[in-house]
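Peer 1: Predicted model and sequence follow; I will ask about them next.
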2 protein chains.
Amino acid sequence: MAQEKTLDDLFLDTLKDIYYAERQIVKALPKMAKAAESAALKAGFEHHLRESEVHVERLEQVFEMLGKPARGKTCDAILGILEEGKTIMDEYKGTPVLDAGLVAAAQAVEHYEIARYGTLKAWAKDLGLNDAMKLFDTTLSEEVATDEKLSQLGVTEANRKAA
Amino acid sequence: MAQEKTLDDLFLDTLKDIYYAERQIVKALPKMAKAAESAALKAGFEHHLRESEVHVERLEQVFEMLGKPARGKTCDAILGILEEGKTIMDEYKGTPVLDAGLVAAAQAVEHYEIARYGTLKAWAKDLGLNDAMKLFDTTLSEEVATDEKLSQLGVTEANRKAA
């Protein structure tokens, strides 16, 4: 009989899930920055790209703490979320509401990450992995800040269009 | 030449997206409630099922306000998120960490909804759709409350297992 799965397995599976997701996000952000029309949104995506590259490195540090190779596991959730963002880019290209659609797509990405890092932070605490917990907490704060900045950019954009 | 797309189109597309998503969630929640081992988590999923049925009705009210038929549009994001939840149910069935995995899966669902309702609320405001804005705001508050309750259940569960 197979050995019973524990929180260590669930933690590692989820770590692989977000590692795959972050690397997909690093690939998607330059396309979103290129598509964005407002300079502020473009700069926002470029800033978040640099942050996301650091998030990938932090995840690699956690794999190292566990003595496991850094390996992703296909994350259907992020693929679906990014696919919806791609559809927005295709269908709203050249329209005055492309940026509003990009902000919405990016916020769906942020919220996926907020959910996953929140979970990983809680489990790292349960497992006594304090250094990992701190890394997740730092990344989580950055994802929350990005989501808030996107909300503001969305509003600014709407006001600009309405003006 | 096709007429240029506006915020009304983006709003309607996103409304169709979350309408599809909510109906998928209504189908998934009874399975999650059945799978959950702790009585508290089971009750939490059942409570959220009843809430989600009301969320579907609120979305139908918004379609009616717009004079449009209530129609969903395949939402790849929620399909991916729910698929990951299903994998957790399959892979962790009968293990002591199934409920922790279910909480994580449900929080990914909640965060998708929080992102979408936040966007719809902002756009409803921009479009002067005040009644719709209020409906989204009520649903958004319920999704945020569910996410917080899940975080607490996750912690309680971990403490119980550790005891």
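Peer 2: Now that the structure is in, tell me what you want to look at. Numbering: from 1, shown residues only, chains lettered A, B, ... in the order given.

Peer 1: Could you confirm whether stretch A:21-36 reaches chain B?
Peer 2: No - shown here: stretch A:21-36 not in contact with chain B (CB under 8 Å from any CB of the partner chain), separated by at least 10.4 Å. C-beta here means a position set from N, CA and C on the backbone, and glycine is covered the same way.

Peer 1: residues in contact with residue A:117?
Peer 2: A:18, A:136, A:139-140, A:143 (CB atoms under 8 Å, 6 or more residues apart in numbering or on different chains).

Peer 1: 7 Å instead?
Peer 2: Residues counted as contacts of residue A:117 (CB atoms under 7 Å, 6 or more residues apart in numbering or on different chains) are A:136, A:139-140, A:143.

Peer 1: what about the closest residue to chain B within chain A, helix or strand, and which?
Peer 2: Nearest residue of chain A to chain B, counting by CB to the nearest CB: residue A:80, 3.1 Å away. Taking DSSP states H and E as the definition, one finds residue A:80 inside helix A:76-92.

Peer 1: avg pLDDT for the longest helix anywhere in chain A?
Peer 2: The longest helix of chain A (DSSP state H) is helix A:130-162. Summarised as a single mean, pLDDT over helix A:130-162 is 88.

Peer 1: helices or strands next to that helix in the packing?
Peer 2: Helices and strands touching helix A:130-162, by 3 or more CB pairs under 7 Å, 6 or more residues apart in numbering or on different chains; DSSP states H and E, are helix A:39-66, helix A:98-126, helix B:98-126.

Peer 1: Generate a markdown table for these, with mean pLDDT and distance to residue B:149 as supplementary columns.
Peer 2: Output for these, formatted as a markdown table (pLDDT from 0 to 100; distance: least, CB to CB, whole Å):
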| stretch | mean pLDDT | distance to residue B:149 |
| --- | --- | --- |
| helix A:39-66 | 97 | 27 |
| helix A:98-126 | 97 | 14 |
| helix B:98-126 | 97 | 10 |
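
Peer 1: quick one: which of the ones you listed is nearest residue B:10?
Peer 2: Nearest to residue B:10 among the helices and strands packed on helix A:130-162 is helix A:98-126; the distance by CB to CB comes to 5.5 Å.

Peer 1: What is the three-state secondary structure of residue A:69?
Peer 2: coil (DSSP: H, G, I helix; E, B strand; the rest coil).

Peer 1: how about it, what does it touch?
Peer 2: Contact analysis of residue A:69 by CB under 7 Å, 6+ apart lists residue A:63.

Peer 1: so what pLDDT did it get?
Peer 2: What the model reports for residue A:69 is a pLDDT of 98.

Peer 1: Tell me the spacing between it and residue A:127.
Peer 2: 19 Å (CB to CB, to the nearest Å).

Peer 1: and if you look at residue A:150?
Peer 2: When distance is defined by CB to CB, residue A:150 is 32 Å away from residue A:127.

Peer 1: check contacts around the residue nearest to residue A:101 when sequence neighbours are not counted.
Peer 2: The shortest distance from residue A:101 to any non-neighbouring residue, by CB to CB, 6 or more residues apart in numbering or on different chains, is to residue A:88 (4.0 Å). Counting by CB under 7 Å, 6+ apart, residue A:88 touches A:101-102, A:105.

Peer 1: Show me just the buried residues among these.
Peer 2: Buried residues within the contacts of residue A:88, counting neighbours by 16 or more other CB atoms under 10 Å in any protein chain shown: A:101-102, A:105.

Peer 1: and those residues as JSON lines, adding distance to residue B:154?
Peer 2: Below are the buried ones among the contacts of residue A:88 laid out as JSON lines (distance: CB to CB, whole Å):
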{"residue": "A:101", "distance to residue B:154": "33"}
{"residue": "A:102", "distance to residue B:154": "32"}
{"residue": "A:105", "distance to residue B:154": "28"}
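
Peer 1: Which positions in the helix holding residue A:80 come out as buried?
Peer 2: So helix A:76-92, judged by 16+ other CB under 10 Å, has buried residues A:76-82, A:84-85, A:87-89, A:92.

Peer 1: likewise stretch A:16-30?
Peer 2: Within stretch A:16-30, the residues that qualify as buried are A:16-26, A:28-29, counting by 16+ other CB under 10 Å.

Peer 1: List of residues touching it?
Peer 2: A:45, A:48-49, A:52-53, A:55-56, A:59, A:70-75, A:78, A:82, A:85, A:109, A:112, A:116, A:120.

Peer 1: List only buried entries from those residues.
Peer 2: A:45, A:48-49, A:52, A:55-56, A:59, A:70, A:72-73, A:75, A:78, A:82, A:85, A:109, A:112, A:116, A:120.
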